[in-house]
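# Would you be able to build a 3D model of this:
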Amino acid sequence: MQNKTVVVFGIFDGVHEGHRDFFRQALRAASGQAELIVIVGRDEICRRLKNKTPEHSEEERVQLVAQEPLVDKALLGDQDLSTYQVLAGLKPDVICFGYDQQRLREDLGKWLKQRKQIIEIHSCKKLEVD
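Now for the predicted structure:
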């Protein structure tokens, strides 16, 4: 059986336990062997969406994410919002969204619908700390 490809998106300005839990949940959503690809948001996109500049540059953030054991590949996202060109070459089986990515989920859902692409979508839960 062939591995599934799972994609997640985020800024990942310093990888923390919440991000690691997000990666674990995304891999579980694939229910089986899977390759995890992380799309790291560009600095300019972060400034536009979150009204702040990331502490780490986009190149540093890609490197930090790529070093995580669960991550098979880390890539920079598109320069422009809502284009999703980075997904075209990946052909993911599953896309997982973080608990706080509802706007992204809706936007990407419209993009997929326009292209008549069917990709399994999951939303992950927030890390619960005791």
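
# CA atoms for contacts and neighbours, from now on please.
OK.

# what ranges of this protein fall below the confidence cut-off?
For the chain, the stretches with pLDDT under 70 are 1-2, 130.

# What are the boundaries of the helices in it?
Assignment of helices within the chain using DSSP state H yields the ranges 17-29, 43-50, 58-66, 85-88, 102-114.

# Nearest to residue 72 among those helices would be which one?
helix 58-66 (7.2 Å; CA to CA).

# Quick check: buried residues in the closest one?
The neighbour-count check on helix 58-66 (16 or more other CA atoms under 10 Å) flags 58, 61-62, 64-66 as buried.

# same for it, what does it pack against?
Other helices and strands packing on helix 58-66, by 3 or more CA pairs under 8 Å, 6 or more residues apart in numbering; DSSP states H and E, are strand 34-40, strand 73-76.

# let's go with 10 Å and repeat that
strand 34-40, helix 43-50, strand 73-76 (3 or more CA pairs under 10 Å, 6 or more residues apart in numbering; DSSP states H and E).

# and the ones you listed, which is most packed in?
strand 34-40 (a mean of 22; mean count of other CA atoms under 10 Å).

# Given that one, what are its sheet partners and their directions?
strand 4-10 (parallel), strand 73-76 (parallel) (DSSP bridges).

# so how far is it off the chain centroid?
Relative to the mean C-alpha coordinate of its chain, strand 34-40 is positioned 7 Å out (CA atoms, centre = their mean, to the nearest Å).

# now the angle from it to helix 17-29?
140 degrees (axes from the mean of the first three to the mean of the last three CA atoms, to 10 degrees).

# what angle sits between strand 34-40 and helix 58-66?
160 degrees.

# The nearest residue to residue 19 once chain neighbours are set aside: neighbour count?
Closest residue in space to residue 19, ignoring its immediate chain neighbours: residue 12 at 7.4 Å, by CA to CA, 6 or more residues apart in numbering. Counted with other CA atoms under 10 Å, residues neighbouring residue 12 total 19.
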